[in-house]
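J.: quick one: sequence plus predicted model below, questions after.
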Amino acid sequence: MAAPTAYDAHCAYSLVATDLDGTLLRGDDTFSDRSLRALAGVAAAGARHLVVTGRPAPRVRPLLDILGGKGLAVCGQGAQLYDAGADRLLWSVTLDRELAETALGKIEAEVGEVYVAVDQDGVDGLTLIEPGYLMPHPTLPALRVGARDDLWCEPISKVLLRHPTLSDDELAATARSVVGSLATVTMSGPGTVELQPCGVTKATGLALAAEHLGLRSRDTIAFGDMPNDIPMFDWAGHGVAMANAHPELKSVADEVTTSNEDDGVAVVLEGLFP
């Protein structure tokens, strides 16, 4: 974690990086009016707001429309850098099918059968789910396939895992212990343990976006709620965890704000960008 950066209303950051689910979004997948006003204050002050999310670009596009964003967004846990104005990916990394299947085999050898979904690469990529997989966000569209082999019909950016009995923490810990360099294991929300290309995190995507914008890590304040946000906090000058955040993220945060339901992002931004 970078050294905490003292700030007040007269010393704001030039880059605001926010996770979506459990952070900027409320539980009903909406933005509060207060959050939208706070983000308008960021823009009015000349700072940039970047969405940094585990959602793939197609699932982010409608939310960016609400935010009025025509700039960049980091999607797919850092595997995609999306240009909303041009509706194209400036950069993307895919997860090799053979590596993904090998990783899944190692995980299932330890914990038994898991249920699997994938996010396809591209601005129009689909989310495919195999029999037995339940979407953690029922509002997100997904296409059910007949068998696991059908998940690999197109290049993918990540694999999503669920286990019928193990907790997310238990599944993620086991996956990390056996996957090694085959993939990066993340936990991004309730019921969401993921495999993504090795070395790819929110931090790698955010660093690339910041480079495009000519901005620096020390001038960045980041908001999140889950362990997949830890690399982003490590990279940013200041990391703010939500009150509803996972204990792992709170333990490395520079600050804890109120929950996503209580406009925790806006609470901090209103002090920085009055």
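T.: Done, it's in.
J.: the stretch 101-250 of the chain: strands as residue ranges?
T.: 115-120, 127-129, 143-144, 156-162, 184-189, 192-196, 220-224, 238-241 (DSSP state E, counting those that start in this stretch).
J.: reformat the ones you listed as CSV; add mean neighbour count.
T.: Every C-beta, even on glycine, is put in place using the N, C-alpha and C of the backbone. Supplementary listing: the strands of the stretch 101-250 of the chain in CSV, determined by neighbours: other Cβ atoms under 10 Å:
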stretch, mean neighbour count
strand 115-120, 24
strand 127-129, 21
strand 143-144, 12
strand 156-162, 26
strand 184-189, 25
strand 192-196, 26
strand 220-224, 29
strand 238-241, 26
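J.: adding distance to residue 210, write the ones you listed out as JSON lines.
T.: Shown next, in JSON lines, are those (distance: least, Cβ to Cβ, whole Å):
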{"stretch": "strand 115-120", "distance to residue 210": "24"}
{"stretch": "strand 127-129", "distance to residue 210": "28"}
{"stretch": "strand 143-144", "distance to residue 210": "34"}
{"stretch": "strand 156-162", "distance to residue 210": "21"}
{"stretch": "strand 184-189", "distance to residue 210": "20"}
{"stretch": "strand 192-196", "distance to residue 210": "20"}
{"stretch": "strand 220-224", "distance to residue 210": "7"}
{"stretch": "strand 238-241", "distance to residue 210": "14"}
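J.: which of these sits closest to residue 29?
T.: Smallest distance to residue 29 across those (Cβ to Cβ): 12.3 Å, for strand 184-189.
J.: chain center to the closest one: distance?
T.: When C-alpha coordinates are averaged (Cα atoms, centre = their mean, to the nearest Å), strand 184-189 and its chain have centres 9 Å apart.
J.: quick one: strands adjacent to the lowest-mean-pLDDT helix or strand in the chain?
T.: Least confident helix or strand of the chain, by mean pLDDT, DSSP states H and E, is strand 184-189 with a mean of 92. Strand pairing for strand 184-189, determined by DSSP bridges: strand 192-196 (antiparallel).
J.: what mean pLDDT would you report for the partner strand?
T.: If you average the pLDDT over strand 192-196, you get 95.
J.: that one vs strand 115-120, what angle?
T.: Between strand 192-196 and strand 115-120, the angle comes out at 50 degrees (axes from the mean of the first three to the mean of the last three Cα atoms, to 10 degrees).
J.: contacts for strand 192-196?
T.: Identification of contacts with strand 192-196 by Cβ atoms under 8 Å, 6 or more residues apart in numbering yields 54, 76-79, 95, 100, 103-104, 136, 157-162, 168, 171-172, 175, 179, 182-188, 228.
J.: cool, stretch 35-48 as well?
T.: 12-16, 24, 49, 66-67, 71, 213, 215, 263, 265-266, 269-270, 273-274.
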